[in-house]
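Asker: Need coordinates for the below:
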Amino acid sequence: MRLLLIAAALFLSAATQAQAQGFQAQVSPPRFEAGAKPGTVYREVIEISNPGQTPMRLSVSTADWVLDEQGTAQFSAPLAPGSCRPWTAIEATRIEVPANGRKRFRFEVRVPADAVSGQCRFGLMFEGEPTQVEGMAMPVAGRIGVIVYLDIGDARADLRILGSKVVEAGGQWLPALSVENAGNAHGRLGGLVDATDAAGRRWTLGPSTVPILPGGRRDVTLIPMLAEGESADIRYPLHIRGRLEWRDQRIDVDTHADR
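Answerer: Down below sits the predicted model:
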């Protein structure tokens, strides 16, 4: 069984993102990838760590998810159309992690024998007990979502660059590639490309690791590789050349980005 990706995304519940101080759960590894053939069982283990001084009780469930415009997973409990969550099994719905300790948590995906090639995607949710936070009317619970991408059969991404643009990211104007995925599994660009700006300055750029889901399109920001103290003062237009990749796919880049 070849390995693919389970990407871990840490987030806190909707009321607040900074004040659920009692929630200190950590999961490892933070990212996996996995693939399975129809009629087989995929099994994996997640390790949950508790760096706190008291035992931590967590509820565990599965969820479906979608990506927002920023590439952040938005989880939902109801079964989505075509969800593969009925294939999944978790070892417990409630666990306790000892103070300054760890716990291994098992889950599995039983892929039906008649499953068609494609991608099974779901989330594993670890949620702490609600705690009262000063200034909040309702108790707040921290959660960690572990995203599972499981390629079934010969599923694969087919990434294609449609063009380039300049986008605002983190208060800076950075180049981005418009990428579509014509395949039936997720993909994400990797590697480095070279660029020359209007002032003749040379840059080395690396793509953000946001996934592109099957049938989706997304702007993938190219981030300058900077030395300490260096700023990304790019003078547009910017000529970008090189090759990016995703697994066995190689994608040539030769484009201009301009504000």
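
Asker: Leu177 is in what secondary structure piece?
Answerer: Using DSSP states H and E, Leu177 falls within strand 172-181.

Asker: could you give the mean pLDDT of that strand?
Answerer: If you average the pLDDT over strand 172-181, you get 97.

Asker: Run through who's touching it.
Answerer: 157-169, 187, 189, 195, 205, 207, 212-224, 232, 234, 236, 238, 240, 253, 255, 257, 259 (C-beta atoms under 8 Å, 6 or more residues apart in numbering). Just so you know, the C-beta spots here come from the backbone N, C-alpha and C atoms, and that holds for glycine as well.

Asker: Run me through the strand neighbours of it, direction for each.
Answerer: Each strand paired with strand 172-181, and its direction, by DSSP bridges: strand 159-169 (antiparallel), strand 217-224 (antiparallel).

Asker: now for those strands, which one comes closest to Leu124?
Answerer: Among the strands paired with strand 172-181, the nearest to Leu124 by C-beta to C-beta is strand 217-224 (23.8 Å).

Asker: Would you mind listing the buried residues in the closest one?
Answerer: With burial defined by 16 or more other C-beta atoms under 10 Å, the residues of strand 217-224 counted as buried are Arg218, Asp219, Val220, Thr221, Leu222, Ile223, Pro224.

Asker: Turn those residues into CSV, including pLDDT and distance to Pro81.
Answerer: Shown next, in CSV, are the buried residues of strand 217-224 (pLDDT from 0 to 100; distance: C-beta to C-beta, whole Å):
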residue, pLDDT, distance to Pro81
Arg218, 96, 22
Asp219, 96, 27
Val220, 97, 27
Thr221, 97, 31
Leu222, 98, 34
Ile223, 96, 35
Pro224, 96, 41
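
Asker: Of those residues, which is the nearest to Gln249?
Answerer: Nearest to Gln249 among the buried residues of strand 217-224: Val220, at 14.2 Å, using C-beta to C-beta.

Asker: where does that closest one sit relative to Leu67, distance-wise?
Answerer: Note on Val220: its distance to Leu67, by C-beta to C-beta, to the nearest Å, is 13 Å.

Asker: before we move on, what about Leu213?
Answerer: Relative to Leu67, and taking C-beta to C-beta, Leu213 is found at 6 Å.

Asker: and if you look at Ser59?
Answerer: 24 Å.

Asker: Over to Arg143?
Answerer: Per C-beta to C-beta, Arg143 is found 17 Å from Leu67.

Asker: Settle it for me: which of the two has more neighbours?
Answerer: Using other C-beta atoms under 10 Å, the more surrounded residue of Arg143 and Leu67 is Arg143, with 22 against 17.

Asker: what element comes up after the helix or strand of the chain with the lowest mean pLDDT heading to the C-terminus?
Answerer: Lowest by mean pLDDT, DSSP states H and E among the helices and strands of the chain is strand 3-12, with a mean of 32. Downstream of strand 3-12, the next assigned helix or strand under DSSP H and E is strand 26-28.

Asker: so which strand or helix has the closest residue in space to Ser76 that isn't next to it in sequence?
Answerer: Nearest residue to Ser76 in three dimensions, chain neighbours excluded: Asp64, at 5.5 Å (C-beta to C-beta, 6 or more residues apart in numbering). Using DSSP H and E, Asp64 sits in strand 56-67.

Asker: That strand: how far from the chain's middle?
Answerer: Its chain's C-alpha centre and that of strand 56-67 lie 15 Å apart, by C-alpha atoms, centre = their mean, to the nearest Å.

Asker: Parallel or antiparallel, which strands does it pair with?
Answerer: Note on strand 56-67: by DSSP bridges, its sheet partners are strand 73-76 (antiparallel), strand 94-97 (antiparallel), strand 118-128 (antiparallel).
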